[in-house]
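K.L.:
pasting the sequence and the predicted coordinates here, then a few questions.
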Amino acid sequence: MIVVATLFITAEYRRGLIRTTLAASPQRGRVLAAKAIVIASVTFAAGLAAAAVAVPLCGRILRANGNYLYPVSSLTELRVVAGTAALLAVAAVLALALGAVLRRSAGAVTAVIVVIVLPYILAVASVLPAGPSQWLLRLTPAAAFAIQQSLPQYPQVSNFYTPSNGYFPLAPWTGFAVLCAYAALALGLAVFLVRRRDA
Amino acid sequence: MKQALHAEWTKLRTVAGTGWLLLVTIALSVALSAAVAAAVTCPSAGCNQDPAKLSLTGIELGQAVVAILAVLAISGEYSTGMIRITLAAMPRRPKVLAAKAAILTGMTLAAGTIAALGCLLAGRLILPGNGFTAAHGHPPLSLGDGPTLRAAAGSVLYLALIALLSLGAATAVRDSATAIGVVLGLLYLFPIVAQMVIDPHWQRHLQQLGPMTAGLAIQATTNLRSLPISPWAGLGVLAAWAAAALLAGGLLLRQRDA
């Protein structure tokens, strides 16, 4: 979806369609806003379909193979499914905004993948100790993966609440808000630059 | 072949962005390595960290920029239509791809050497301040040390193989955004999936197969026995991925219209 969202704007720059678009609707902020709404809703729908199938299906397969799954309330399951779709939608908006800022497909796709995925890999599957990992998952867009966490933390149980064990430092919706803030910031910058620059 | 090499060198050298991308590769690698080295502490003896691997963490970020450079080397020609002129001038298509691969490898090796040396230097300067001292069993990093030299040289080769993998994938896919998505997906997907898989047997297999997880085994200098794959074999896995990508790209380039 990141590739599709980036191409949504950079392909216009490459083919020159952006000049036609901006001639047809000269209010540039509105063009970007409309693009953001369209890509977000399309991605949300696709992501919701994928997550709605994947989460119960994987749960069933895991149980059928004899794994014990921690019981979660249906509200939590709903949050994981809808949250994953929302995460994809906001990531798509971030990709769109960075595509408008950079106007290069390859650069924009790489930037989005690197800011979302690399902190997660560094924090979860690398040599970094727990302290810096938790800061990575608080400050970078990868914080949004917290929305997929379904295990609660108990203050009376001393477990290793580290990212590599599936525990995120931020609450689910707070982590998601971090990604939203990055996307909003990037979209604001994109609107500012698209207004100022020649197409 | 000499003329093909010269043509590719001229194209890659004069395209806006090549120099910047190489500089950014070096800068981002060294910056991430310095940040990681500053974040890690070794309070007591036997803190079970691998200083060489820590100092070379930046390569995980630098590879993304190398992938952009390699993807743009071919898909940039497709987006501007230059590829038709190239193939009219040099009708033997495998030769074109081979020349591109050779020039790209040379550039990546040069930039990667500077990046790896910069990463090691950052580690050598920063790590002792965080407790990685000889008293704690970690003498300062030096290229005179066999495993450290292997980790550094291997990281440079790793970047070159990533460039070849990206070039092959981009030749097959042709569009720059799709190609970079495919390459980065391939690189970053395996470690994430491997982390989620609970079964240690499958986790190990995924880490042996993934181009990034296997290739980066070359950076390990301690606890070699606990690695999912031995260093040089891991680099071999990545080389197999790169060879497969180049082969697929080369075959498609021969068969298709430009």
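P.N.:
Nice, thanks for sending it over. Small disclaimer: the values here were computed from a predicted structure and weren't measured.
K.L.:
any regions of the chain where pLDDT drops low?
P.N.:
Going with chain A. A:1-24, A:59, A:62-74, A:125-131, A:149-167, A:199 (pLDDT under 70).
K.L.:
actually chain B
P.N.:
B:44-46, B:137, B:198.
K.L.:
tell me which residue is most central in it.
P.N.:
By CA atoms, centre = their mean, chain B has its centre lying nearest to residue B:159, at 2.5 Å.
K.L.:
please list all residues in contact with it.
P.N.:
By CB atoms under 8 Å, 6 or more residues apart in numbering or on different chains, the contact list for residue B:159 reads B:25, B:59, B:62-63, B:66, B:108-109, B:111-112, B:115. Heads up, the C-betas are built off the backbone N, CA and C, glycines and all.
K.L.:
neighbours of the residue of the stretch 151-258 of chain B found nearest chain A, how many?
P.N.:
Going by CB to the nearest CB, chain A is nearest to residue B:177 of the stretch 151-258 of chain B, at 3.5 Å. Neighbourhood size, residue B:177 [other CB atoms under 10 Å in any protein chain shown]: 29.
K.L.:
how many neighbours does residue A:26 have?
P.N.:
Neighbours of residue A:26 (other CB under 10 Å): 9.
K.L.:
cool, residue B:16 as well?
P.N.:
Going by other CB under 10 Å, the residues that sit close to residue B:16 add up to 6.
K.L.:
what does residue B:179 give?
P.N.:
Neighbours around residue B:179, by other CB under 10 Å: 31.
K.L.:
before we move on, what about residue A:143?
P.N.:
With other CB under 10 Å as criterion, residue A:143 counts 26.
K.L.:
for it, what are its contacts?
P.N.:
Residue A:143 makes contacts with A:137, A:168, A:170, A:174-176, A:178-179, as judged by CB under 8 Å, 6+ apart.
K.L.:
how about these in JSON lines, adding secondary structure and distance to residue A:44?
P.N.:
JSON lines is the format used below for the contacts of residue A:143 (DSSP: H, G, I helix; E, B strand; the rest coil; distance: CB to CB, whole Å):
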{"residue": "A:137", "secondary structure": "helix", "distance to residue A:44": "23"}
{"residue": "A:168", "secondary structure": "coil", "distance to residue A:44": "22"}
{"residue": "A:170", "secondary structure": "coil", "distance to residue A:44": "22"}
{"residue": "A:174", "secondary structure": "helix", "distance to residue A:44": "20"}
{"residue": "A:175", "secondary structure": "helix", "distance to residue A:44": "18"}
{"residue": "A:176", "secondary structure": "helix", "distance to residue A:44": "13"}
{"residue": "A:178", "secondary structure": "helix", "distance to residue A:44": "19"}
{"residue": "A:179", "secondary structure": "helix", "distance to residue A:44": "14"}
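K.L.:
where do the strands sit along chain A?
P.N.:
With strands called from DSSP state E, chain A shows none.
K.L.:
who are the packing partners of the helix ranked longest in chain A?
P.N.:
The helix that spans the most residues within chain A, counting by DSSP state H, is helix A:28-64. On a contact count with 3 or more CB pairs under 8 Å, 6 or more residues apart in numbering or on different chains; DSSP states H and E, helix A:28-64 meets helix A:2-15, helix A:17-24, helix A:74-102, helix A:172-196.
K.L.:
quick one, that helix and helix A:74-102 angle?
P.N.:
140 degrees (axes from the mean of the first three to the mean of the last three CA atoms, to 10 degrees).
K.L.:
mind listing what's buried along helix A:28-64?
P.N.:
For helix A:28-64, the neighbour count (16 or more other CB atoms under 10 Å in any protein chain shown) marks A:28, A:31-32, A:35-36, A:39-40, A:42-44, A:46-48, A:51, A:55 as buried.
K.L.:
and the spatially most distant residue from the centre of chain B, how close does it get to residue B:122?
P.N.:
Residue distances from the centre of chain B (CA atoms, centre = their mean) peak at residue B:135, which lies 33.7 Å from the mean C-alpha position. Note on residue B:135: its distance to residue B:122, by CB to CB, to the nearest Å, is 22 Å.
K.L.:
what of residue B:190?
P.N.:
27 Å.
K.L.:
neighbour-wise, which of the two wins?
P.N.:
residue B:122 (24 against 21).
K.L.:
SS state for that one?
P.N.:
Secondary structure, DSSP: H, G, I helix; E, B strand; the rest coil: residue B:122 is helix.
K.L.:
number of nearby residues for the closest residue to it other than its chain neighbours?
P.N.:
Nearest non-adjacent residue to residue B:122, counting by CB to CB, 6 or more residues apart in numbering or on different chains: residue B:34, 4.1 Å away. Look at residue B:34: counted by other CB under 10 Å, it has 20 neighbours.
K.L.:
hey, where'd the helices end up in the stretch 1-150 of chain B?
P.N.:
B:2-14, B:18-39, B:51-55, B:59-80, B:82-89, B:93-126, B:146-173 (DSSP state H, counting those that start in this stretch).
K.L.:
any idea which of these gets closest to residue A:102?
P.N.:
helix B:59-80 (11.2 Å; CB to CB).
K.L.:
helices or strands up against the closest one?
P.N.:
Secondary elements touching helix B:59-80 (3+ CB pairs under 8 Å, 6+ apart): helix A:105-124, helix B:18-39, helix B:82-89, helix B:93-126, helix B:146-173, helix B:176-196.
K.L.:
and those helices as CSV, adding distance to residue B:5?
P.N.:
What follows is these, written out as CSV (distance: least, CB to CB, whole Å):
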stretch, distance to residue B:5
helix A:105-124, 24
helix B:18-39, 16
helix B:82-89, 13
helix B:93-126, 5
helix B:146-173, 15
helix B:176-196, 23
